[in-house]
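turn this into a structure:
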Amino acid sequence: MKLSFGYGHGTQTVQVPDANLLDVLRPNPVPSTLSEAQEIRRALAHPIDSPPLREIVRPGEKIVVVSSDITRPVPTARLMPFILDELYAAGAKPEDITLVFALGSHRTHTSAEREKLAGPRARAEIECVDSDPEDCLRLGVTARGTPVDITRRVAEAERRICLGNIEYHYFAGYSGGAKALMPGVSSRAAIQANHAWMLDEGARAGRLDGNPLREDIEEAIARFCPIDFILNVVLDEKKQAVQASAGHPVAAHRAGCRFLDSIYMKEIERQADIVLCSQGGAPKDINLYQTQKALDNAKHAVKPGGVIVLMGECPEGMGGGVFEEWMTQGPTPQAMIDRIRREFVLGGHKAAAIAMVLQQADIFLVSEMAPEFVRGIFLQPFSGAQAAFDAALEKMGPGAGVLAMPYGGSTLPVLKND
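Predicted coordinates for the structure are as follows:
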């Protein structure tokens, strides 16, 4: 069977013998027949555990709308017209509304990137800015010791509205919800303290209850920087919103997570010798920092001693200086794991996550990064997916079982009866 995987703005194809292919983990059919616009209108008209947005906001209040940066596929440009209509219906004026892009620990945007993210209407009507992790207000400290440092523009707002997309997150359980503020518009110190909980057994994809990292996030926001309203969406493989949840920042988020499970949580009979995995293309594979998310889902599908063929164009390389330093300076993968236990450092956590996968399987990376560099970070480089698969088949033997994950960052494999 010929399989196609998103890769940057193009594709990679792999011919897999039918006898070897165990399954292609694609999303389940979406039950809704509504268009994206109809679904968003439905969610806003029927918010969960919350009044409609137009009944929450009052004229004259300073309002921030927080959405994701360019490394996330949140369709901010398509969501903002609906949000603006709600805010104007409440009596808000354009000069009282600011769209804040949540950078977390990522780089700032160019002006062109901000304009593209915001979309023509928001760009023309309201101020659109990046969050500033260097200009935060400390609002408190969580029970787990995480400082709640929120970028000033958001901390001082009278109303906070958060946009997001919901997909699996390798240690926060799911993206979306309160993550828009923590880590989205937080200081590096706050992000670092919260993310240190990734080493806890309960911090894993698909888990909310008993996940100390997610609980820390939601405590921080509920106690010290409340969100007034969220609009979160679940995207299909074409990055169109097929489900929207609006309203209370926890209850609406949980509804979106349940829908995500019905589409993207995939049961597998057994783990495979070879897993073919892609983030699905741009912007999710802009760098290895982001592409790693697909890798972390793929680890649940591969046998110990197997091979993960990871496809990510990575036009911006590693995606972080600290991440790169850890990956290039660590003498062994185990050394990176030992180091993160001694000193949790943001960026280093991604290196440790990759190192933990390397303890289980080989990683064959199909990317635009220089082969010698890739070898230096303990991965095996390939310029094409077919060559990588052929090498994996040679390593694992002609009878190797193969699982394919074309949307690896979104699809969570779970063993039956696990």
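
only C-alpha atoms for contact and neighbour calcs from this point on.
OK.

tell me how the chain divides into domains.
Structural domains annotated on the chain: 2-27+265-415, 58-227, as defined by automatic domain parsing.

identify whichever of those lies nearest to Glu237.
Judged by Cα to Cα, the one of the domains of the chain that comes nearest to Glu237 is domain 2-27+265-415, at 7.2 Å.

and that closest one, average pLDDT?
Per-residue confidence for domain 2-27+265-415 averages out to 95 on the pLDDT scale.

give me the distance between the two termini of it.
End-to-end distance for domain 2-27+265-415, by Cα to Cα, to the nearest Å: 25 Å.

name the SS class of Gly164, please.
Under DSSP: H, G, I helix; E, B strand; the rest coil, the three-state class of Gly164 is strand.

quick check: it touching Ala180?
Yes - between Gly164 and Ala180 a contact is recorded at 7.0 Å, counting by Cα atoms under 8 Å.

can you list residues touching both of the two?
When contacts are counted by Cα atoms under 8 Å, 6 or more residues apart in numbering, Gly164 and Ala180 are jointly contacted by 67-68.

okay if I get the domains of the chain as JSON lines plus mean neighbour count and distance to Val250?
Compiled in JSON lines, the domains of the chain are given as follows (neighbours: other Cα atoms under 10 Å; distance: least, Cα to Cα, whole Å):
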{"stretch": "domain 2-27+265-415", "mean neighbour count": "20", "distance to Val250": "20"}
{"stretch": "domain 58-227", "mean neighbour count": "20", "distance to Val250": "6"}
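
just put the ones you listed in TSV and tack on distance to Lys239.
Formatted as TSV, the entries for those read as follows, by distance: least, Cα to Cα, whole Å:
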stretch	distance to Lys239
domain 2-27+265-415	10
domain 58-227	7
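
ok, which of those domains comes nearest Leu235?
With respect to Leu235, and counting by Cα to Cα, the nearest of those is domain 58-227 at 7.1 Å.

any low-confidence regions in the stretch 151-300 of the chain?
Across the stretch 151-300 of the chain, not a single residue meets the criterion (pLDDT under 70).

apply 90 and report the result again.
Counting by pLDDT under 90, the stretch 151-300 of the chain has low-confidence residues at 170, 192, 196, 198-199, 201, 236-239, 264, 283-284, 293.

can you give me the strands for it?
Ranges of strands in the stretch 151-300 of the chain, per DSSP state E, counting those that start in this stretch, are 159-165, 168-169, 173-174, 229-235, 241-247, 265-268, 272-278.

tabulate these (CSV), appending distance to Ser410.
Formatted as CSV, those follow (distance: least, Cα to Cα, whole Å):
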stretch, distance to Ser410
strand 159-165, 11
strand 168-169, 6
strand 173-174, 10
strand 229-235, 9
strand 241-247, 14
strand 265-268, 9
strand 272-278, 10
